[in-house]
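J.: Got a predicted structure plus its sequence, pasted below:
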Amino acid sequence: MNNHIAIIGGTGLYKMDGFSLEEEIIIHTPYGHPSDAIMSGTLAGRQVYFLPRHGRGHTILPHEINYRANIWALKSLGVSYIICVTAVGSLQEKYAPRDIVLFDQYYDRTSRRNEHTFFGEGIAAHIPFADPISEGLRSILSTAAKEENCNVHDGGTYVNMDGPAFSTRAESNANRQLGFDVIGMTNVAEAKLAREAEISLATLGMITDYDCWKVEEEPVTLQTVLGHLTANSNNAQKIIQRAIPQIPTDATWPEHSTLSQSIVTQPAHWPADTVEKIRPIIEKYIPADYSAS
């Protein structure tokens, strides 16, 4: 394990000051192609990988993202920490556009949950997910955001919708009544798969709009979102630059050993094809004397 750091977010993040791009890595996974080539380089003395979740040029819709390929590829490169940067809509008055929410909970309204796990095909596992965000990594991001004088909110619940259309007003009001704080289309799958891959993950939720519940505001449109993205991207870069040097070089947080108590199927019953398919995920749990049943 190399304990490297990955950033999943917009295309421009890898252009930040201090990042030295060394190569673009194309990885073929058992699940197909990741969203794009992975940018590899160094930042603050650490090996860092950047992956644009929607592809360069933003060519991939949220429901088209190959989340398993993305996380598998990063795990195969020795990544132990992932910082996600994602645009979110605000469901509460106190979260204004260009604020940052470091949410710590999810509510999953997606419809592709069978694609949000590496397990199955003869190997069963059930990860603990009561606290889905890495508290260690979230704390580092929070401190960095405050040092940059960003308006940051600690905690909150992210509700994940399918998209690609934005919410109806009825949906937006229902999500508010349920007490959710922000809404997006991508992050819950990344968090579930990262937890299975024993990768610490935390997310900078960059507020771009008030969804459509706030009737005195114009309903969210693409133009509204894009209008705030540049400022949000600049803040994200500054926060990441501050955070990277604070991330431990040893991966010893609880999420780095999630699978130690999560795999139900005994190795004697593991199909060889499945083992090879998810080898980067379960490598350290494959017995030295493993042989397929």
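T.: Good, I have the coordinates.
J.: So which residues of the stretch 101-250 of the chain form strands?
T.: 105-108, 152-154, 157-160, 182-184, 200-209 (DSSP state E, counting those that start in this stretch).
J.: Let me have those strands in TSV, extended by mean pLDDT.
T.: Shown next, in TSV, are the strands of the stretch 101-250 of the chain (pLDDT from 0 to 100):
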stretch	mean pLDDT
strand 105-108	98
strand 152-154	97
strand 157-160	98
strand 182-184	98
strand 200-209	95
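J.: So for A6, which of the ones you listed sits nearest?
T.: strand 200-209 (9.2 Å; Cβ to Cβ). No exception for glycine: its C-beta is placed from N, CA and C like everyone else's.
J.: and the nearest residue to Y158 once chain neighbours are set aside, how many neighbours?
T.: Distances taken as Cβ to Cβ, 6 or more residues apart in numbering place F103 nearest to Y158, at 4.5 Å, with adjacent residues excluded. Residues within reach of F103, counting by other Cβ atoms under 10 Å, total 25.
J.: F103 against T203, yeah?
T.: Yes - applying Cβ atoms under 8 Å, one finds F103 in contact with T203, separated by 6.9 Å.
J.: How about the contacts made by the residue nearest to Y158?
T.: Each residue near F103 by Cβ atoms under 8 Å, 6 or more residues apart in numbering is listed here: 133, 155-158, 181-182, 203, 205.
J.: what's the answer for L204, then?
T.: L204 touches 83-86, 100, 102, 141, 145, 236, 239, counting by Cβ under 8 Å, 6+ apart.
J.: Helices of the stretch 151-293 of the chain, start to end?
T.: 169-177, 187-196, 222-243, 272-277, 279-282 (DSSP state H, counting those that start in this stretch).
J.: Next, give phi and psi for the residue nearest to Y158.
T.: phi -70, psi 160 (degrees, to the nearest 10).
J.: From Q266, how far out is it?
T.: 36 Å (Cβ to Cβ, to the nearest Å).
J.: With S172 instead?
T.: For S172 relative to Q266 (Cβ to Cβ), the value is 47 Å.
J.: quick revisit: mean pLDDT lowest where, among the helices of the stretch 151-293 of the chain?
T.: When the helices of the stretch 151-293 of the chain are compared by mean pLDDT, helix 222-243 comes last with a mean of 81.
J.: pLDDT wise, what is V101 at?
T.: 98.
J.: count of residues packed around it?
T.: The burial count for V101: 25, using other Cβ under 10 Å.
J.: Return the residues in contact with it.
T.: 88, 90, 95, 152-153, 156, 158, 181-182, 205, 207 are the contacts of V101 under Cβ under 8 Å, 6+ apart.
J.: Dump the residues you listed to a markdown table, plus neighbour count.
T.: Converted to a markdown table, the contacts of V101 look like this (neighbours: other Cβ atoms under 10 Å):
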| residue | neighbour count |
| --- | --- |
| V88 | 29 |
| S90 | 26 |
| Y95 | 20 |
| V152 | 20 |
| H153 | 21 |
| G156 | 20 |
| Y158 | 27 |
| D181 | 23 |
| V182 | 26 |
| G205 | 28 |
| I207 | 21 |
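J.: I'd like those residues laid out as JSON lines, including distance to P34.
T.: Output for those, formatted as JSON lines (distance: Cβ to Cβ, whole Å):
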{"residue": "V88", "distance to P34": "23"}
{"residue": "S90", "distance to P34": "30"}
{"residue": "Y95", "distance to P34": "31"}
{"residue": "V152", "distance to P34": "29"}
{"residue": "H153", "distance to P34": "31"}
{"residue": "G156", "distance to P34": "29"}
{"residue": "Y158", "distance to P34": "23"}
{"residue": "D181", "distance to P34": "29"}
{"residue": "V182", "distance to P34": "26"}
{"residue": "G205", "distance to P34": "23"}
{"residue": "I207", "distance to P34": "27"}
